[in-house]
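Asker: output the structure for:
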Amino acid sequence: MPIPLTPVPRPEDGLALELAMLEDGVVSGKNHALIWQADTHGLVLPDRFTRDPLFTSAARASARRGWPVVGRKTGGGITPQGPGVLNLALCFTVAPGQSRAILPSYAKIVDPLRDAFARLSITAKAAPVEGSFCDGDYNLAVDGRKIVGTAQRWRGRTCLIHALILTDIDLDIAVAAVADLSRALGHDTVFDRAAHCRLADLMPGANTLTETVVAALDETVTAAGYAPFSS
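Answerer: Below is the predicted model of the structure:
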């Protein structure tokens, strides 16, 4: 069965679906996949940031600028969501005694993403990218620019792993929104719009960009043994 694109009204609705998939995986042990996109823009950050004394005023100011803020259960930094961003979430359970090591876990999502991009004639590799939002060793980068960010969360032997894919969001506006919130929280991280790229930049003239990317993801994720999650 194909893994469809699931549109959701707000970023927090997509995050709620991911947590529901994790809960199901804990009980069933099944490998499930979810591709979603929010209809409205927002900024997502780790829950630990919401306990910062500056959070309430920073979040209100961001919302007034058109970027509501919501917490998430995984780590990392601030990320944009909304139109122009696709999200791929996978859930899998390891056997008793099997390792929960970080590298094999991230490979579960990095490998099918790289395969999907290869089908689109795009070569990506896992690498940190200085100046990118939510930077990490398991970004996917193209020519040194971040195009995918990843994060994971474990519950027992079950892992929820997430990838944020930059398709055609306005990077000038999105990176500025991340930087504004970061400064309001008192962080000194410097973000560089040029440290990021989008699939739209690499696939000029693609009139059905989202549909093309979702179809490629469906092929590689299904081949990796995942079935679509239905709540």
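
Asker: tell me, what residue is most central in this structure?
Answerer: Geometric centre of the chain, nearest residue: residue 164, 2.1 Å, by CA atoms, centre = their mean.

Asker: how about that one, secondary structure?
Answerer: What DSSP: H, G, I helix; E, B strand; the rest coil gives for residue 164 is strand.

Asker: need the contact list for the closest residue to it other than its chain neighbours.
Answerer: Leaving aside its sequence neighbours, residue 164 sits nearest to residue 149 (CB to CB, 6 or more residues apart in numbering; 4.6 Å). Where you see a C-beta, it was placed from the backbone N, CA and C, and this is true even at glycine. Contacts for residue 149 (CB atoms under 8 Å, 6 or more residues apart in numbering) come out as 76, 79, 132-134, 136, 139, 163-164.

Asker: scan this protein for its longest strand.
Answerer: strand 145-155 (DSSP state E).

Asker: after the helix or strand containing residue 56 comes which helix or strand?
Answerer: Per DSSP states H and E: residue 56 is located in helix 55-64. For helix 55-64, the following helix or strand on the C-terminal side (DSSP H and E) is strand 69-72.

Asker: can you give me the helices in this protein?
Answerer: 11-28, 55-64, 102-119, 171-184, 199-202, 209-223 (DSSP state H).

Asker: for residue 87, which of those is the nearest?
Answerer: helix 11-28 (5.9 Å; CB to CB).

Asker: hmm, what's the outermost residue in this structure?
Answerer: Distance to centre of the chain, CA atoms, centre = their mean, peaks at residue 97 (28.5 Å).

Asker: do you know the pLDDT at that residue?
Answerer: In the predicted model, residue 97 carries a pLDDT score of 81.

Asker: again with the one 10 residues further on
Answerer: According to the model's per-residue confidence, residue 107 sits at a pLDDT of 94.
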